[in-house]
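**Q** mind looking at a prediction? Sequence and model below.
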Amino acid sequence: MAPHDPDTDPAAFLGRELKRARQAAGFSSQDALSARLGFDRSVITKAENGDRPPSPDVLSAWCEATGLDSEHFGRLGVLARRAGRLVPEWFGEWLETEREAHLSHIVELLEQPNISVQVVPSQTGANAGLSGAFDLASGDGSPEVLRMEAVQDVTSEARSLVRRAAGMFVRVQADALPRAASRALILEAAEQWKTR
């Protein structure tokens, strides 16, 4: 992926400024800031690279830890997140149609006895699941395998990495609504889409 240009991309500009602030505050690595904030390092990496502007919660904690003006950087964060959502009008209409179809598919999956869907409410804020998608797989006589989406997709059988991902899944599940409440929320959202 080509690097983002801070002179033309608000998310990249914000990322560059956040990196400068991290370094000026004495956090020599993304890991050090990640440990201080309690967020996964990939959240820090994506913010600094301009790939994903930080959420308001992450940005607020970042400002507090590095001595930045949270009001000013909060406005920059809003600008960066809005700029990332700009799409042509025709594509926006397609996205709405695609969202409705995706939601309808999830409603169908809810009827399957072997599928469990749980929703993490947006008010939960930053959580372990925001660091990127991952899949855990296991089978009789086979080692557990982890596939993660990051800067580059990675597949691994390394036990320590698989255990970390399993722990992350448990934390995400702990933040999620129970199955019945998730199902009710999804069905409610599907009905709202139909009446739009």
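**A** Arrived safely, thanks for sending. Residues are numbered from 1 along each chain as shown.
**Q** quick one: contacts for the residue nearest the centre of the chain?
**A** Central residue of the chain (Cα atoms, centre = their mean): Leu130, 2.8 Å from the mean position. Listed by Cβ atoms under 8 Å, 6 or more residues apart in numbering, the contact set of Leu130 reads 39-40, 43, 55. Just so you know, the C-beta spots here come from the backbone N, C-alpha and C atoms, and that holds for glycine as well.
**Q** so it, which of the three states?
**A** helix (DSSP: H, G, I helix; E, B strand; the rest coil).
**Q** grab the nearest non-local neighbour of Arg183.
**A** Nearest residue to Arg183 in three dimensions, chain neighbours excluded: Leu110, at 5.3 Å (Cβ to Cβ, 6 or more residues apart in numbering).
**Q** may I have the phi/psi pair for the one you found?
**A** The phi/psi pair for Leu110 (degrees, to the nearest 10) reads phi -60, psi -20.
**Q** same deal with Val120?
**A** Val120 adopts backbone torsions of phi -90, psi 110, taken as degrees, to the nearest 10.
**Q** for it, grab the count of nearby residues.
**A** By the criterion of other Cβ atoms under 10 Å, Val120 has 18 neighbours.
**Q** buried set for the top helix by length along the chain?
**A** If you go by DSSP state H, the chain has its longest helix at helix 89-109. Across helix 89-109, burial judged by 16 or more other Cβ atoms under 10 Å covers 103, 106-107.
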